[in-house]
Structure formats: structure tokens, C-alpha cells
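Participant: Curious how this folds, go ahead:
(chains A and B)
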Amino acid sequence: MSITIGKGIPKVDAQHKVRGDTIYADDYSVPGMLYGKVLRSRYPAARILALRTARAEHLEGVVAVITAKDVPHNELTARFGQSTSVGVQFEGIYRVLADQEVRYFGEPIALVAAETPELAEQACQMIEVEYQPLEGIFDPVTAMEQGVRQVAEKSHNIASHFKIRKGNVEEAFAHADVIVEGTYQVPYQDHAYLEPESGVAWVDEDGTINIRVSSQVIEHFREVAEVLDLPHSRVRYLGTWIGGGFGGKEDITVESFLALLAWKTRRPVKLTYTRTESLLTHSKRHPFFMEYKTGATKDGRITAVQARLISDAGSYSALSPWVLLYATVNAAGPYHVDNIWVDSYAVMTNTPVTSAFRGFGAPQVNFAYESQIDRLSRCLGIDPLELRRRNFLRQGNSLDTGWIYDRPVAICEAAEKAWNALGPKVTSPNPRVAIGHGLGAGMCSYGRLTFLHDTSRSYINLELDGSAVIRCGVPDVGGGQGHILCQIAAEELGLPIESIKLFITDSQLTPLAGTTTATRQLYMSGNATLKAARVLRKRMLEKASQMLCVPVENLQVQAGKILSTSQPEKSVDLVPLVNRMSTEGIELFVEAQFNAPFTSIPASEMIEGQIHPDYTFGAYAVEVEVNRETGALRVPRIVACFDVGKALNPVIVEGQIEGGGIQGFGYALTEDMKIEKGIIQTPSFAEYLIPTAVDVPDLETILLESGTGLGPYGAKGIGEPPMVSIAPALTNAIFDAVGVRITSLPATPEKILMGMLAQEEGSE
Amino acid sequence: MEIQSDLKVTIRVNGVAVSAPVQAADSLLDFLRNQARATDVKCGCNQGDCGTCTVIYDGKAIKSCLVLAAQADGKEVRSLKGLMDDPLMQSLQNAFLECGAVQCGFCTPGMLMASWSLLQDNPNPTREEMRQGISGNLCRCTGYKKILDAISLAAAQLLTEHAAAGHQAGQALGRSITPGRESYQASDRLDGQARAKAEYLLLGGG
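Facilitator: You can find the predicted model right below:
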């Protein structure tokens, strides 16, 4: 008998969001504030021969100009929140401002703070940069070769390399009845959150730098402190409600710039990127080039998978090694395969920085392995669902790293439910229109890599009037990361959700809860909050037991009171109980820490054993209509089915699936980021087309609740997983409709049309 | 930010006349956010593509980044904050809450304005007309389904209330933003059901 768990209670933050009261990063202003602006590189690869700032500095209204030489610690080792070193293959440089060389178009070179945004812009134009253009390295495949110019300060352009060796693929291929080979390419994707990167910083009376910023990671206060050569305790992040993140606000965006400008000018500074600036220069999803070879028996048992993955790591490695590792671990998908061989490479180029994006390496390989399965199904003449059924991972099977997955796997049920919901395929009354059905299944981890030793903390205290405050450093990107903590506390403490005040994301006042990334907040901070609430609940029950002379096990917490289950007339209201506890000096607050399972750091590029705490499994089934004459595509139906463990708030869970699915729809069909010689050619929402309401159908969602997740009440994470599996479901449906195999995303009408024309030529 | 300019405009923002100097290139959006402090109007692209800056201008929903501040001299502008007492906007706000149409919330003010404008012009839109009505407003979080559900719910409630008002003239339409507990029921969110219910009530049932 849950009070709040399992209920679609409107989010606490939605209340102020529908009133327009939410103060996002750029909505905040401080009296006497200056405006920051970033001067960026006009070349994708060049040496900086000279940098002259005098003219800009003398412009009236310009208060500060900062270049690399002014940054106390301009180069840091890029980290992923780890507190101990995890080896060089996971490391790269985080450079605040370009020094002697620029590696990508739009790389920051100088910072300006001025009285108005216009003056700051004008000052940027007055900074003279003398460039000596260098040969740009734009193609990661050729960048791997010997003798190619090195993009970074390394002996070669390969930033990271991982391997999986399970069983014996050579032998398995030799015995396979059928072998399917395919080459796949997936493009950049921009997060396209509607709130551009933004923040305001100021220096306190005691010399602490405060940065109010839209960030998924308030723990970056440490890096910013290192940039300024200050103690960690002298930089404070005040996180805002984030206007969308999707991984794009995981790396530092404006914060170091803000801190430097505020520190130098001793005045508050605001810096907000323009949309063009954001699209041109912030990090993107990694393009991947993938070669796959899949072997199977004639009755459809997959015996071997071999994959070679090359990711475009861009000009700074950022989170590329980690994304590559996730892709490597996911390379064979949610299937039980005895023989797997994966070689993966992240390769540096003079292109935009590539880093975290919802799915974090999983959507890329998913497109390849699900296309392979579809090809295999055509080749063997086995129905796509049936072929998957014969190979799906089951409890007790091993993943490609050899880790025995000893938890229930509902992937088969998810695929069946999604596929069956689509129903039988019909023929269009319009002869020009071909209808196709496609299936895509997949897996995605939740929680961080187990060797990163992840933790989260949360604090709850009861007020004397029976209300409560939660303090937790959880950045909220809109997925209910904060709200769900209120539902958990309300459930455990028997409080109405309205009486809980949520206080989040202040790096000095909220217990640190870790990053809002890796689909980890419900799992980590949910468990930390649950732990805190249960300690508090126990204290309340013990006191009530004493007051009522009823044993604790016969008491229950319900709607603001504690009552006896055996003698209903015996009860105590929360308010007198809390006051009694306070009088007696019983602590009315708890701070709890939750630790994820820990494993040791991989000793080499060979990836073995447990890498993630757990996985979320799910599937998409879609119906497409392809115009045989033009290649135009319409998608009338999308059905998603995910095992979410337990939907603590079904409306939020559906929202994650609907939103993630449509973001994947854009990745698959409409988002075509054109890049030429390292320069993005589509830097606006008029050119880079994220789906609008008229482009998409109502995504139908089926929730499975196996109750087997590691989160509170058996929940699994659902933030990133819906981004996986929709792209291959769509391209498999296109094949089903017109027999054209799309091997590079996005699947534009042009590609479909060219595919159909090639078929006609082939048949003539 | 102090602007040095000879060009001074007066724009009525949510019923209050705001006079301030502007630069020739300033947009109405700049004026609203910086001079009128209407930060409920968001800036997602400043290029007319995203719709987060949608306001009601001379009675029509427009993207305020595409209008010059100078052009708007003497005009009447309403943002979300200017419609807080409007029964239709309140219905929409409630429906957005109940349907889970708000994730990051950055598109929400603009989306509410576009939805309001749509239902002003067409109180009983089809799903397709709703899609068209909000097609100038991008949302990266929701996939639009719950936004469309919310518009349907608000439209259905409006129709129901008009039907009820027909019987009880003068009945107040205002409502609280905080929904009642019973409104958490997922089944009430469904577009089709809500519409069917409204039509049933319109036809004299219930």
C-alpha cells in the first residue's frame, strides 16, 4: 500500500515551471554585473603566432581581457569524477584557453569582460590573432595511419584502445552456417537543449568564487579551483534548474571562463552562449565507423560477433575514452554469444569536441548490431522477433566481458510486447506507399562504471511542524531527478509531498550527490535518500513505540501519524512526536551515503568482468510508410517497451521514454549535422533539424516492472536507455518496406531514394 | 545594463507601461528580458527557430526575437505572467502539470503561450491541428506527446466548463494551480477519454 510510490504525482519543480517562475541560469542578474564573451578560433588547425590584446583592452567599457598566459593553471588532466588515477588511456588534456596552437574551429582563445554584451563582442573583434594554418586532420580512419600529423601532444592520434576477447571467433566463423558482414556509420548529434550554456559568477566578501550555472556536474568546482590555483573550498557551485542537458552540460562549459573573469575583475560576470556558438563549438555525440561480422547456425543461433569500432574523438579527448569503453562493452548487445572479438579505437581529429550524450556509446553500436540481426533474419528467413528470441541474453548468461549477468532479463518480453502491439502489417491503399515494420532491441547501463567507486549522499531533516527538508546535491535536468527524492521521503516518512522542501545543487550546502549523468541519480541519490529516510523513520517509530507502549513492529507510518496496526485507537500525530523527539535531544536529521558496488580498475586495454552495476533492457517496434517515388518517410507508429524495474512515478518514466525515443528519432531521421573540413555547416535550428510536433507520432509506451533493479523499490534507471534501439528499428522498418538497407544515419529521403534507384539499376 | 540611445520606446508589458531607451538593433525579446525584466520569456535561439520567446503581441502569438523593440513602441505585449488570471491559461497550466508535460521547463512558457493562442482561435482542435499549432515551438525533452495530451485535456475541460456555464450562468471558471489528489489518476490524462467525456457532457449527459 504505497502512499506515493507508483503514483504519477506532478513534479515539484513543474509547479514553478508552469508559472514561469523558474530562474534559469541566464534569468539571474547581479547589480554591477559585467558581460563575458569568448574569442574563438577561426581555423580548425593552426599555430598561433601572435596574440595582441592591447586595442581591445583600451576600448572604453572593457574591464578585462584574458588569454592563456593569464590562466594560473591552463592545462589539467581531464577527469571523469574519479578520485584516483585510472591510467593514461583514460586521460587527456582539459585546456582552458588555446595557447600556441588551436585544434578545432571555435576553440576558445581569449575572454573579455565588458560593461555591455555589445562592447564585449566588439572587444573580441579587436583582438588580433595571427594564425599559421596547419594541415587539418578530419577523418578518424586515416588519422589512425602512421605518418599522419598528430592532432594532440601524443605519439599517435589514437587516444584510447580497448579489446574484448571472448571464446574463439576464428573457430566459430569457420563452423558458422552463415556469416553476415556490414559496415556502418553514425553521425554527430547535438544535444540541442533549448537552454544555451549560461552562468553568472561573483566573488564573495571572503574571496570565495560563486558560480551560478546550468551544469550537470556541480563537482566541477574542484577543476575550476585548480584552474585558478585556489583551494577547492574557495569555489562554490550553485546549480540551477537545468534547461536540458542530455550529457552536453556534463563537461565544463562556461564555468572556468566565468571564474577567471570574476576573479580578475572582482565584479560579477554573466556569460551566455548564443545558439550559433553552442551549435558550432560545444561537444557532440561521437560519430562512429563500425565494421561488423556476425556468424550463426542455420537454425538462427548466433555463434560469433566480431566488431571493429572507430570513434571520432575530436580535438580534445574529453570523455571519449569512457564513451568508447561503453560502446565496447555494449558491442554485441543484449544477446548471449559465446565468441566475441572487439577492437575499438578513439581517434583524435581537428573537429569539434565529442563527449557525453545520452546513451554514451550505446546507441552507436546498437545501430550496427541491430542492423546485423535484421540482415541475419532476412538471410536465414527467420522472423526478426523469433531470431532475437533464440539469442536474447538470459539470467546466468555471460556478457561480452565474460561477466555472468545473474539478474532477471526481461528483454524477450519487452521485444514481444512492443512487436505484438504493432499488430499485423497491412498494405497501404496508396500504391506509391510501402509500409514496413521494424524491431530494435537493446541494453544500456545505469550507474557509473563500477571501478570509479561511485557514491552519493543525501540529507533529510524534520521540522517541528511536521514538514521536512531534503538537501541533496543532485542537478536536475528535468527528468525528475530532484522530485523523486521527495516521493521517496514522503513514502517512508508518511508525509504529504507538499510538506517536503527540496534543496538541491549547492556544492557547499548540499551533500554531494555526484553527477546527473550515467542514468545514476535515481539509483544513487534515490538510494541515499531512502537510506536517510529509513533511519529517520526508525527513530520516529522507536519514540512512538515508547510513547504508545506498542512494539515497533506493530506500528505503521501513515498520513502524518504513527499508529498501531493491532490497536487502531493508539496513535500519535507526527507534530507532537517530532516535538517530543526534539525536546529529548533525538536527532531529527540524517545524512546518508550510498555506495555502488566497487570493482578494480582494468589493468590493460583488455576489458573483462563487471564494468557496470546493472543494465536496463528494452525494445522499439515501429511502422513506417515510404513513398516509393520520392523516398519520403512517414512514421505513423512507434511502440516502446522497457523493463523499468519499478516505475516510482509512471508519468515521469513515460516522459523519459517518449522524450528519449523522439531524440533517437531525430538521430535516426532528421538531424543531419553537416561538417566540412572541421567546420559545422548547420549551426542553427533552421538547418540542424530536431523533431517538431508535426514530425513525430505519439510514442506508445509499455512499462514492464520486473522489480529487479538496483534502485529504490527495485527501480532501474531509465534516463538514457530510451535513446537506444529506436534508430535500427526505423531503418529495419525501411528495409522491410522497400528493401533498402540504410547503413549510415540519418536515414534521409535522399538515401532511401538513392537506394531504391540503385535497386532498379541492379534489376535492369 | 544602461543603454545610451536617443531611441526611447514605451511598450505595455502585461498591463504595465514600460519606457526605456533601446538600440536600433534590439529585439522585443531583448526589451522584455532586460528592460521589462520579464524573464518568463526565454531566449533559446534568438533566430526565430525555437519558440521559447513566444508572447502575445497585439492579440497574436509571435516570437519576440523576430520583432524589433522599436517596432513595438506603443504596443501591448502579454507574456505568461500576464495571463496568470486567465481561466484558459490556468486550465493549460493545470493540464501541463497533470499530464507531465513539463520536463526541463525551458520551452514551457513559450509552449503555454502557443497552446493558449491555439485554443483561443480553435477551442476544439484535432490532434493534427494541435501539432500544427505548436510546431513553431521546439521541445527537446518530452517528444511532444504529453504536451499534446495537456492541450487536449485543457480543451476538454474548457468545453465541459462552457457546457456547465450554459446551465449555470455566471459561474466562476478560476481554479487552483495545485491539482487535487484525485487528478493524479493516470486514466484521466488520456486525450481520447477526456474528449469523449467532454462531448458527453456537451450533449447533455452526466
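
Participant: which parts of the stretch 201-350 of chain A sit against chain B?
Facilitator: A:241-246, A:274-276 (Cβ under 8 Å from any Cβ of the partner chain). All C-beta atoms are positioned from the backbone trio N, CA, C, and that covers glycine.

Participant: Switch those residues over to a markdown table; also include pLDDT, secondary structure and neighbour count.
Facilitator: A markdown table is the format used below for those (pLDDT from 0 to 100; DSSP: H, G, I helix; E, B strand; the rest coil; neighbours: other Cβ atoms under 10 Å in any protein chain shown):
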| residue | pLDDT | secondary structure | neighbour count |
| --- | --- | --- | --- |
| A:241 | 98 | coil | 24 |
| A:242 | 98 | coil | 27 |
| A:243 | 98 | coil | 31 |
| A:244 | 98 | coil | 25 |
| A:245 | 98 | coil | 29 |
| A:246 | 98 | coil | 31 |
| A:274 | 98 | coil | 18 |
| A:275 | 98 | helix | 21 |
| A:276 | 97 | helix | 16 |
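
Participant: Relative to residue A:107, which of those residues is nearest.
Facilitator: residue A:276 (15.5 Å; Cβ to Cβ).

Participant: nearest residue to that closest one other than its sequence neighbours?
Facilitator: residue A:683 (4.8 Å; Cβ to Cβ, 6 or more residues apart in numbering or on different chains).

Participant: Quick check: the one you found touching residue A:280?
Facilitator: Yes - counting by Cβ atoms under 8 Å, residue A:683 touches residue A:280, with 4.7 Å between them.

Participant: Which stretches in chain B count as helices?
Facilitator: B:28-30, B:87-99, B:108-121, B:127-133, B:145-167, B:191-202 (DSSP state H).

Participant: any idea how far residue B:7 is from chain A?
Facilitator: 15 Å (Cβ to the nearest Cβ, to the nearest Å).

Participant: now the residues of the stretch 201-350 of chain A next to chain B as CSV including distance to residue A:716?
Facilitator: As requested, these are exported to CSV (distance: Cβ to Cβ, whole Å):
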residue, distance to residue A:716
A:241, 25
A:242, 23
A:243, 26
A:244, 23
A:245, 20
A:246, 19
A:274, 38
A:275, 35
A:276, 38
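
Participant: Could you identify the most distant pair in those?
Facilitator: A:241 and A:276 (24.3 Å).

Participant: In three-state terms, label residue A:310 for me.
Facilitator: strand (DSSP: H, G, I helix; E, B strand; the rest coil).

Participant: check contacts around it.
Facilitator: A:140-141, A:144, A:288-290, A:344-345, A:347 (Cβ atoms under 8 Å, 6 or more residues apart in numbering or on different chains).

Participant: Including secondary structure, could these go into a markdown table?
Facilitator: Below are the contacts of residue A:310 laid out as a markdown table (three-state DSSP):
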| residue | secondary structure |
| --- | --- |
| A:140 | helix |
| A:141 | helix |
| A:144 | coil |
| A:288 | strand |
| A:289 | strand |
| A:290 | strand |
| A:344 | strand |
| A:345 | strand |
| A:347 | strand |
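
Participant: Save those as CSV, and put in distance to residue A:377 and pLDDT too.
Facilitator: Formatted as CSV, the contacts of residue A:310 follow (distance: Cβ to Cβ, whole Å; pLDDT from 0 to 100):
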residue, distance to residue A:377, pLDDT
A:140, 31, 97
A:141, 29, 96
A:144, 33, 95
A:288, 23, 98
A:289, 24, 98
A:290, 19, 98
A:344, 26, 98
A:345, 29, 97
A:347, 32, 97
